[in-house]
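A.B. asks: What follows is a predicted structure for the sequence shown.
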Amino acid sequence: MVTNDPRSGDGSELGLVNDAAVVVERNRVVWTGRSTLAPAADTSHDVGGRAVIPGFVDSHSHLVFAGDRSQEFAARMTGAPYSAGGINTTVAATRAATDEQLAANLARLVAEMRRQGTTTVEIKSGYGLTVADEARGLAIARQATSETTFLGAHVVPPEYADDPGGYVDLVTGPMLDACAGYAKWVDVFCERGAFDADQSRAILRAGQARGLRPRLHANQLGHGPGVQLACEVGALAVDHCTYLSDEDVAALADSGTIATLLPGVEFSTRSPYPDGRGLLDAGIRLALASDCNPGSCFTSSMPFCIALAVREMGMSPAEALWAATAGGGAALGRDDVGHLAPGAAADLVVLDAPSYIHLAYRPGVPLVASTLVGGAG
Ligand code: NIG
Ligand code: FE
């Protein structure tokens with residue numbers, strides 16, 4: 001069993017316990033350790049030597065959308081580059097969809113995640129880009145998770161193409177007013193083709209003034225100011241981090257901001273992977289997340305992201321598992337998820353495998369045997 005509690009088991013970061021038991025009371029873990037030492041319980045369940053891990057914490061997804069962009073993916077795989085502009089295709093489809101259609105698509109994707117072991121998910125808006133469409137997107141996301149993020153600043157929508165400043169005013173004013181009550185986080189796509197450093201700073205600061213906590217899409221398509229801006233505003237995490245300068249790495253190390261790596265995006269856009277190994281060696285904490293969205297990466301699978309992180313980013317299976325569980329929890333500022341210590345949420349996954357290493361060793365194989373969320377299956 002992986003506890004992610006270094007005080008448990010073998011004393012490693014993963015707190016590995018062999019012949020383990022976990023005791024759950026209502027929705028919480030109350031005890032972990034060797035099964036021979038386990039306190040008496042009303043009911044018990046033997047998982048037959050299978051590995052148990054904390055549920056995955058997917059700290060970055062965009063699940064409120066309609067439409068399909070598989071043709072764009074096919075074009076990329078035969079040479080077309082990924083660009084921020086594709087987002088507007090999904091914006092048009094999302095605006096045209098009913099609330100019921102958006103909620104049904106989101107529920108289907110959350111269920112798909114659950115079947116693959118994800119027990120906590122963050123969900124962003126960002127395909128509405130009007131006051132009403134952003135607010136309804138967040139209201140729908142709120143039904144599925146408390147980890148909701150206002151991403152009105154995903155791209156400048158077509159109707160503001162000639163007035164990006166006007167769009168920033170809309171985002172920081174009426175849109176934020178309508179959305180703040182449904183969101184915990186504020187995010188910006190800080191990238192060439194989307195929002196620059198000054199616009200991003202203004203939007204993050206406006207969100208912070210409304211009680212939202214900042215996070216950022218940064219350095220995905222090229223070098224840029226996003227990572228350093230995230231560190232400047234005290235973001236808990238900055239996401240993508242594909243293109244990093246030495247100054248970016250130093251800023252992450254100094255600030256303690258978590259780098260959330262999204263290797264499904266590099267896979268699905270045929271881009272170079274970020275240097276996970278180098279970041280870990282520089283003392284930076286990493287999270288792994290899916291970035292599940294219809295454009296740059298339409299996977300909902302954290303096991304797939306773990307396999308990519310191990311194979312393509314120089315991370316060990318242990319480092320990747322930690323980043324996909326405890327790392328995601330830290331990136332969301334949550335001390336109750338991503339680990340299995342007494343007091344934590346009873347969110348756990350039983351793998352059809354003897355060890356968590358199989359998540360990377362057996363890529364593409366559905367290894368999740370069962371999942372508990374808050375102690376319930
Ligand atoms: O995280 N980078 C910006 N947003 C998404 C992609 C959205 C899209 O292509 O529809 C991302 O990769
Ligand atoms: Fe994203």
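C.D. replies: It's in. Predicted model, so just to flag it, every value in this text is computed and none were measured. Ligands and ions are numbered 1, 2, ... in the order given.

A.B. asks: show me the contacts for the residue of the stretch 1-150 of the chain found nearest ligand 1.
C.D. replies: With Cβ to the nearest ligand atom as the measure, residue 87 is the residue of the stretch 1-150 of the chain nearest to ligand 1, at 4.3 Å. For the C-beta atoms, the positions are set from N, CA and C on the backbone; glycine is no exception. Taking Cβ atoms under 8 Å, 6 or more residues apart in numbering, we find residue 87 in contact with 126-127, 154-155, 295.

A.B. asks: what helix or strand is whichever residue of the chain sits closest to ligand 1 on?
C.D. replies: Going by Cβ to the nearest ligand atom, ligand 1 is nearest to residue 295 of the chain, at 2.1 Å. Assessed by DSSP states H and E, residue 295 sits outside every helix and strand.

A.B. asks: tell me the contacts of the closest residue to residue 224 other than its chain neighbours?
C.D. replies: Nearest residue to residue 224, sequence neighbours excluded (Cβ to Cβ, 6 or more residues apart in numbering): residue 191, at 6.2 Å. Applying Cβ under 8 Å, 6+ apart, we find residue 191 in contact with 84, 217-222, 224, 226.

A.B. asks: How is the chain partitioned into domains?
C.D. replies: According to automatic domain parsing, the chain comprises the domains 20-54+339-372, 56-331.

A.B. asks: what about the longest one, start to end distance?
C.D. replies: Using Cα to Cα, to the nearest Å, the gap from the first to the last residue of domain 56-331 comes to 13 Å.

A.B. asks: Adding secondary structure, write the contacts of residue 87 out as a markdown table.
C.D. replies: Shown next, in a markdown table, are the contacts of residue 87 (DSSP: H, G, I helix; E, B strand; the rest coil):
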| residue | secondary structure |
| --- | --- |
| 126 | coil |
| 127 | coil |
| 154 | coil |
| 155 | coil |
| 295 | coil |
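
A.B. asks: Kindly reformat the contacts of residue 191 as a markdown table containing neighbour count.
C.D. replies: A markdown table is the format used below for those (neighbours: other Cβ atoms under 10 Å):
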| residue | neighbour count |
| --- | --- |
| 84 | 20 |
| 217 | 30 |
| 218 | 29 |
| 219 | 26 |
| 220 | 26 |
| 221 | 21 |
| 222 | 10 |
| 224 | 21 |
| 226 | 29 |
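
A.B. asks: So which of the residues you listed sit within helices?
C.D. replies: residue 226 (DSSP state H).

A.B. asks: ok, which of the contacts of residue 191 also contact ligand 1?
C.D. replies: 217, 220 (Cβ under 6 Å from any ligand atom).

A.B. asks: ok, so of the contacts of residue 191, who is nearest residue 289?
C.D. replies: residue 217 (11.6 Å; Cβ to Cβ).

A.B. asks: Now the closest one: closest residue in space, sequence neighbours ignored.
C.D. replies: In this structure, residue 217 finds its nearest non-sequential neighbour in residue 189, 4.4 Å apart by Cβ to Cβ, 6+ apart.

A.B. asks: With residue 329 instead?
C.D. replies: residue 338 (2.7 Å).

A.B. asks: before we move on, what about residue 129?
C.D. replies: Spatially, and ignoring its direct neighbours in sequence, residue 129 is nearest to residue 157 (4.1 Å; Cβ to Cβ, 6+ apart).
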